[in-house]
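**Q** sharing a sequence plus its predicted fold:
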Amino acid sequence: QVQLVESGGGFVQAGGSLRLSCAASGRTFSSYAMGWFRQAPGKEREFVAAISGSGRSRNYADSVTGRFTISRDNAKNTAYLQMNSLKPEDTAVFYCAASSSSTLSRYATWYAYWGQGTQVTVSS
């Protein structure tokens, strides 16, 4: 069982930055691919970014490419999402997720473990 706890959400003006963190329990963090997803009010949950267990592979949604960076520190059992040049349309609850596979995926069904979510609000 893996427990995930997100932090770092908040309120920011358009053009600003936030860094989300996702702390994971367990001793085999490097064997889990990690993903970030988001859900805006009235919309379905959507993929944002993913990183393989080793950190060598990364993948991004087109809407965040060039603005967001996913990373991980396996020694700290933590994944990160650095978000720059934020836009009002980035407003959502952001969730981190872990897969029992070290291979990343863009699909939510790939991930068995989910955090509780953290709110990101971007004002115009």
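**A** Nice, I can see it. Residues are numbered from 1 along each chain as shown.
**Q** any idea which residue is closest to the centre of the protein?
**A** Geometric centre of the chain, nearest residue: Trp36, 2.5 Å, by CA atoms, centre = their mean.
**Q** and the residue nearest to Trp110 when sequence neighbours are not counted, what pLDDT?
**A** Once flanking residues are discounted, Trp110 sits nearest to Ser99: 5.2 Å by CB to CB, 6 or more residues apart in numbering. To be clear about C-beta, it is placed using only N, CA and C from the backbone, and glycine gets the same treatment. Per-residue confidence at Ser99 stands at 96 (pLDDT).
**Q** quick check: Ser99 touching Arg106?
**A** No. Between Ser99 and Arg106 there is no contact, the gap being 11.5 Å when judged by CB atoms under 8 Å.
**Q** more crowded one of those two?
**A** Using other CB atoms under 10 Å, the more surrounded residue of Ser99 and Arg106 is Ser99, with 23 against 15.
**Q** against Ser54, how distant is the more buried one?
**A** 13 Å (CB to CB, to the nearest Å).
**Q** Asn77 too?
**A** Between Asn77 and Ser54 the computed distance is 15 Å (CB to CB).
**Q** next one: Thr109
**A** Per CB to CB, Thr109 is found 22 Å from Ser54.
**Q** cool, Phe47 as well?
**A** Using CB to CB, Phe47 is found at 20 Å from Ser54.
**Q** of these two, which one has the most company?
**A** Counted by other CB under 10 Å, Phe47 and Ser54 do not tie: Phe47 has more neighbours, with 20 against 12.
**Q** spatially nearest residue to that one (excluding sequence neighbours)?
**A** Of all residues not flanking Phe47 in the chain, Arg106 sits nearest, at 4.6 Å (CB to CB, 6+ apart).
**Q** what about the one you found, which helix or strand?
**A** Arg106 is part of no helix or strand when elements are defined by DSSP states H and E.
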